[in-house]
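Asker: here is the input, now give the coordinates:
(one chain, ligands or ions: 1)
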Amino acid sequence: MTVEQTLSIIKPDATRRNLTGKINAKIEDAGLKIIAQKRLQLTKQQAEAFYAVHKERAFFGELVDFMISGPVVVQALEGENAVARYREVMGATNPANADEGTIRREFAESIEANSVHGSDSLDNAAIEIAFFFSKIEIAA
Ligand code: CMP
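Answerer: Numbers count the residues shown, from 1 in each chain. Next comes the predicted model:
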């Protein structure tokens, strides 16, 4: 078991429905610590840069438009195996396939408006945390 950090984004569908606290409770109940957090309105350029890895995908344009449709809450999380643990807590990308009790099963509206993002690997977690936070903003 290793202590890791991962990036979480509470997406516009969830901030719009005032679900930040309920999602944070699920994160904390799973033993993950929120070590940095801020609410932002992403620009189109920022959303395109963050999701650059998906730029060839058919859904890229819609994904970017959705991510700038309202505020997001970006968070750095820390805990044992945080990358994989948070992916369990989120549930499958498509809420129709997400397990009972997961964030996406309970809150997501669709595969696009799926309430949360979490890093998919430890390497990407470091890149994604650095995209939003400077070292001084993280208190572990
Ligand atoms: P996320 O974990 O933020 O990473 C990329 C996002 O693209 C994903 O969650 C979904 O919200 C969104 N998305 C939209 N359509 C699709 C799709 N068909 N397959 C995968 N992801 C999709």
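Asker: around the ligand, pick out the residues from this protein.
Answerer: 54, 59, 63, 93, 111-112, 114, 117 (C-beta under 6 Å from any ligand atom). In this view, the C-beta of every residue, glycine as well, is placed from N, C-alpha and C.
Asker: looking at the residues you listed, which has the most residues close by?
Answerer: Asn114 (23 neighbours; other C-beta atoms under 10 Å).
Asker: wait, that one sits on Lys11?
Answerer: Yes. Using C-beta atoms under 8 Å, Asn114 is in contact with Lys11, at 7.0 Å.
Asker: hang on, the earlier thing: out of the residues of the chain next to the ligand, which sit inside strands?
Answerer: His117 (DSSP state E).
Asker: redo the residues of the chain next to the ligand as TSV? Include pLDDT and distance to Ile23.
Answerer: Below are the residues of the chain next to the ligand laid out as TSV (pLDDT from 0 to 100; distance: C-beta to C-beta, whole Å):
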residue	pLDDT	distance to Ile23
His54	97	22
Phe59	97	23
Leu63	98	19
Thr93	98	16
Ile111	97	18
Glu112	96	17
Asn114	98	12
His117	98	12
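Asker: can you get me a residue count around the residue nearest to Asn97 when sequence neighbours are not counted?
Answerer: Spatial nearest neighbour of Asn97, chain neighbours left out: Gly91 (7.9 Å); criterion: C-beta to C-beta, 6 or more residues apart in numbering. Neighbour count of Gly91, defined by other C-beta under 10 Å: 23.
Asker: residues in contact with Gly91?
Answerer: 97-99, 102-105, 108 (C-beta atoms under 8 Å, 6 or more residues apart in numbering).
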